[in-house]
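> just the structure for this:
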Amino acid sequence: MGQVFDKLRGKQWRQKQVEEICDRIFDRFKLQTGRANLTFEELYIAVLLVYNDINKRLPGPHFDPPSKDLVQSIMTDCDMNLDGEIDREEFVKFIEQLSADTFAVVSQGLIISLVVAPTVAIATKKATEGVPGVGKVVQKLPTSVYASLVTLAVVWANSDTS
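Below you'll find the predicted structure:
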């Protein structure tokens with residue numbers, strides 16, 4: 001339940017997730033190359049890995065990574081010291097800028113799953129009680145259990161379509 005509250009906090013939770021993903025991937029490149037900065041090619045591979053992590057770790061639809069042209073454009077904006085490479089701090093800023101829309105969609109998915117689905121479930125429980133074969137089971141279920149089951153079904157359906 002604590003994770004749900006963390007996710008509802010919004011920006012702080014997203015910031016923490018982005019920093020964890022960035023740190024892990026940046027450290028991986030630093031370990032492999034022995035350098036503290038990423039070249040453009042390394043940055044593009046890192047972006048692919050970040051999007052892979054985002055798609056695995058965060059609820060909602062899967063997101064396609066950006067094109068090399070977009071990565072090059074944002075790299076130019078984020079390269080504060082103008083050395084043609086991205087350091088750790090620039091990398092986090094780069095990924096935050098690149099993934100801002102991604103997190104907006106994830107947040108919308110969480111709102112639908114955690115607020116709208118239970119509300120609809122409670123509103124439709126009475127109608128479902130009249131369905132032959134299922135109605136008697138629905139009647140015996142407490143409303144809170146029914147709403148939880150419907151919410152789980154919505155989350156499951158959303159994760160299958162992603």
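> only C-alpha atoms for contact and neighbour calcs from this point on.
Noted.
> quick one: buried residues of stretch 120-134?
In terms of neighbour count (16 or more other CA atoms under 10 Å), stretch 120-134 has its buried residues at Ala121, Ile122, Lys125, Thr128, Glu129.
> and for the last one, nearest residue in space, chain neighbours not counted?
With CA to CA, 6 or more residues apart in numbering as the criterion, Glu129 has its nearest non-adjacent residue at 3.8 Å, and that residue is Gly135.
> where does pLDDT dip in this protein?
Applying pLDDT under 70 to the chain flags residues 1-11, 13-14, 57-61, 100-115, 155, 158-162.
> so where do the helices sit in it?
Here the chain has its helices, by DSSP state H, at 2-8, 11-33, 40-57, 68-78, 88-111, 117-129, 135-140, 143-161.
> tabulate the buried residues of stretch 120-134 (JSON lines), appending distance to His62.
Shown next, in JSON lines, are those (distance: CA to CA, whole Å):
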{"residue": "Ala121", "distance to His62": "26"}
{"residue": "Ile122", "distance to His62": "29"}
{"residue": "Lys125", "distance to His62": "31"}
{"residue": "Thr128", "distance to His62": "32"}
{"residue": "Glu129", "distance to His62": "35"}
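> tell me the one of the residues you listed nearest Thr76?
Here the nearest of these to Thr76, counting by CA to CA, is Ala121; it sits at 48.4 Å.
> got a list of what the spatially closest residue to that closest one that is not a sequence neighbour touches?
Counting by CA to CA, 6+ apart, Ala121 lies nearest to Ala147, which is 5.2 Å off, once chain neighbours are set aside. Counting by CA atoms under 8 Å, 6 or more residues apart in numbering, Ala147 touches Ala117, Pro118, Thr119, Ala121, Ile122.
> my guess is the first one meets Leu149, correct?
No. Taking contact to mean CA atoms under 8 Å, the distance of 9.8 Å between Ala117 and Leu149 leaves them out of contact.
> quick one: which of the two has more around it?
For Ala117 versus Leu149, neighbours defined as other CA atoms under 10 Å are more numerous around Ala117 (21 against 15).
> gap between Gly133 and Met75?
Relative to Met75, Gly133 is positioned 59 Å away (CA to CA, to the nearest Å).
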